[in-house]
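*Asks:* show me how the following folds:
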Amino acid sequence: MSIPNSIAASAEQMKGWRQHLHAHPELAYDCHETAAFIAARLREFGVDEIHEGIATSGIVAIINGQGNGPTIGLRADMDALPIIEQTGVPHASTVTGKMHACGHDGHVTMLLGAAKYLAETRAFTGRVALIFQPAEEGDGGARTMVEEGIMDRFDISRVFGIHNWPNKPLGLMMTNPGPIMASVDTATVTLRGKGGHGAMPHTTVDPVTAMVSLVQALQTIVSRNTSALDQLVVSVTQIHAGSASNVIPGEAWMTATIRSFTPEIRKLAEERFRAIVAGQAASFGVEADIDYDLGYPPTINHADQARFAADVAATLTEVDADVPREMGAEDFSYMLEARPGAYMFLGTGPGAGLHSANYDFKDEIAPLGAAFFARLVEAAQPVREG
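*Replies:* Numbers count the residues shown, from 1 in each chain. Presented below is the predicted three-dimensional model:
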């Protein structure tokens, strides 16, 4: 790895930041103490502007470079997860039931490391917008920040983000020039029939048998409604019905997660889901209610920006510029819908996986992430000689 000396020299300081953040996790939009810690560090670095309270607890900070030029956005998510930590590390969560199990503490640290370097050197033109975002874990903080106008307010021309990836080679940076993560939609279906005695099923309208048939029929969305070359997941993840062995309930419900990479397949999946539910309900004589929640859209890299980010990363470390897409989802997708940019993965070597109670971000990788952000700015907006 080729990391600027001043960033490498900040490794222990970055470790301290990260472990402090890990010990004090906050959820969703309630990242006020995290934001206060970030803002204090940014003031120490001497950044030019700090705009707080965006999307409740988010921050956009500005560093001015040399002369006029565009503004490049760099994003880090701040929120933790509602998990009881089991790592046993000295810096473990001090808040019962909350922990940084996805490495957002590391993401913040990498962006702070880049901010410190960029505020000191300013070897770029235009401006850098440092985006510290709350509520990535299911609440769509990126969408809220975009809706509150950060792209126009700060004149951001393109935007980049990083996510750590356990059990990929330490220091390997990965991206691809297109869809890299899936959309995520959640459907809840309630079937209502007529309950009764389990010994007299002919006197009931059984929602359980209807539900069993529905779950099987939904699998045809992937196997019979889309091409084998399309990538789509329809997974039923919950089924609930009944409370006694001798009672046929009057109601049953299920939930499913639906994931895809293109707007066309996403739309087709919803249409077929709704049609199958209606058809199955009619065939069994039950009523059906559907709550179909459109979640994060697919995370789609802009091809030229992904190639640019991969080229910058290659000056620092090993790169896979055509990594297979992932069925997980990420609300950075909203920022990529608003502006050109790219999303990168950063391998952190062997260890517990994301969202595990045993997960802990690897501090030794933070300087590389900081160096990537810094080099990205300098390469995107170089200072011209003469």
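*Asks:* strands of the stretch 151-300 of the chain, start to end?
*Replies:* Under the criterion DSSP state E, counting those that start in this stretch, strands of the stretch 151-300 of the chain are mapped to 156-165, 173-174, 179-181, 185-192, 196-197, 232-241, 247-248, 251-260, 287-294, 299-300.
*Asks:* what's in contact with the second one?
*Replies:* By Cβ atoms under 8 Å, 6 or more residues apart in numbering, the surrounding residues in contact with strand 173-174 are 165, 168, 310, 313, 316-321, 323, 344-347, 372. To be clear about C-beta, it is placed using only N, CA and C from the backbone, and glycine gets the same treatment.
*Asks:* try the third one
*Replies:* Judged by Cβ under 8 Å, 6+ apart, the contacts made with strand 179-181 from elsewhere in the structure are 261-262, 298-301, 323, 325-330, 333, 343.
*Asks:* can you flag which of the contacts of strand 173-174 belong to helices?
*Replies:* Under the assignment DSSP state H, the contacts of strand 173-174 contribute 310, 313, 372 to helices.
*Asks:* now these as a markdown table including distance to residue 201, pLDDT and neighbour count?
*Replies:* Shown next, in a markdown table, are the ones in helices among the contacts of strand 173-174 (distance: Cβ to Cβ, whole Å; pLDDT from 0 to 100; neighbours: other Cβ atoms under 10 Å):
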| residue | distance to residue 201 | pLDDT | neighbour count |
| --- | --- | --- | --- |
| 310 | 61 | 98 | 22 |
| 313 | 62 | 98 | 26 |
| 372 | 63 | 98 | 25 |
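*Asks:* dump the strands of the stretch 151-300 of the chain into TSV; add mean neighbour count, distance to residue 223 and mean pLDDT as well.
*Replies:* Below are the strands of the stretch 151-300 of the chain laid out as TSV (neighbours: other Cβ atoms under 10 Å; distance: least, Cβ to Cβ, whole Å; pLDDT from 0 to 100):
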stretch	mean neighbour count	distance to residue 223	mean pLDDT
strand 156-165	25	30	98
strand 173-174	26	30	98
strand 179-181	24	21	97
strand 185-192	20	18	98
strand 196-197	14	35	97
strand 232-241	15	10	97
strand 247-248	18	30	98
strand 251-260	21	14	98
strand 287-294	14	20	98
strand 299-300	25	25	98
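*Asks:* residue 385 is nearest to which of the ones you listed?
*Replies:* Smallest distance to residue 385 across those (Cβ to Cβ): 22.9 Å, for strand 156-165.
*Asks:* among the contacts of strand 173-174, name the buried ones.
*Replies:* Among the contacts of strand 173-174, those classed as buried by 16 or more other Cβ atoms under 10 Å are 165, 168, 310, 313, 316-317, 319-321, 323, 344-347, 372.
*Asks:* remind me, longest helix of the protein?
*Replies:* Scanning the chain for the longest helix, with DSSP H as the assignment, gives helix 263-284.
*Asks:* run the chain-centre distance for it.
*Replies:* Offset of helix 263-284 from its chain centre (Cα atoms, centre = their mean, to the nearest Å): 27 Å.
*Asks:* let the chain start at 49 from now.
*Replies:* Understood, numbering begins at 49; the last thing we discussed is helix 311-332.
*Asks:* helices or strands up against it?
*Replies:* Judged by 3 or more Cβ pairs under 8 Å, 6 or more residues apart in numbering; DSSP states H and E, helix 311-332 is in contact with strand 233-240, helix 255-266, helix 268-273, strand 280-289, strand 299-308, strand 335-342.
*Asks:* pLDDT weak spots in the stretch 149-298 of the chain?
*Replies:* In the prediction, the stretch 149-298 of the chain carries no residues with pLDDT under 70.
*Asks:* element containing the residue nearest in space to the middle of the chain, please.
*Replies:* By Cα atoms, centre = their mean, the chain has its centre lying nearest to residue 378, at 2.7 Å. Applying DSSP states H and E as the criterion places residue 378 outside every helix and strand.
*Asks:* roughly how far does it sit from residue 386?
*Replies:* Using Cβ to Cβ, to the nearest Å, we find residue 378 at a distance of 14 Å from residue 386.
*Asks:* again, but for residue 369
*Replies:* Where residue 386 is concerned, residue 369 sits at a distance of 24 Å (Cβ to Cβ).
*Asks:* re earlier: distance to residue 170 added to the helices and strands packed on helix 311-332, as JSON lines?
*Replies:* Listed next are those as JSON lines, based on distance: least, Cβ to Cβ, whole Å:
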{"stretch": "strand 233-240", "distance to residue 170": "43"}
{"stretch": "helix 255-266", "distance to residue 170": "55"}
{"stretch": "helix 268-273", "distance to residue 170": "51"}
{"stretch": "strand 280-289", "distance to residue 170": "46"}
{"stretch": "strand 299-308", "distance to residue 170": "42"}
{"stretch": "strand 335-342", "distance to residue 170": "42"}
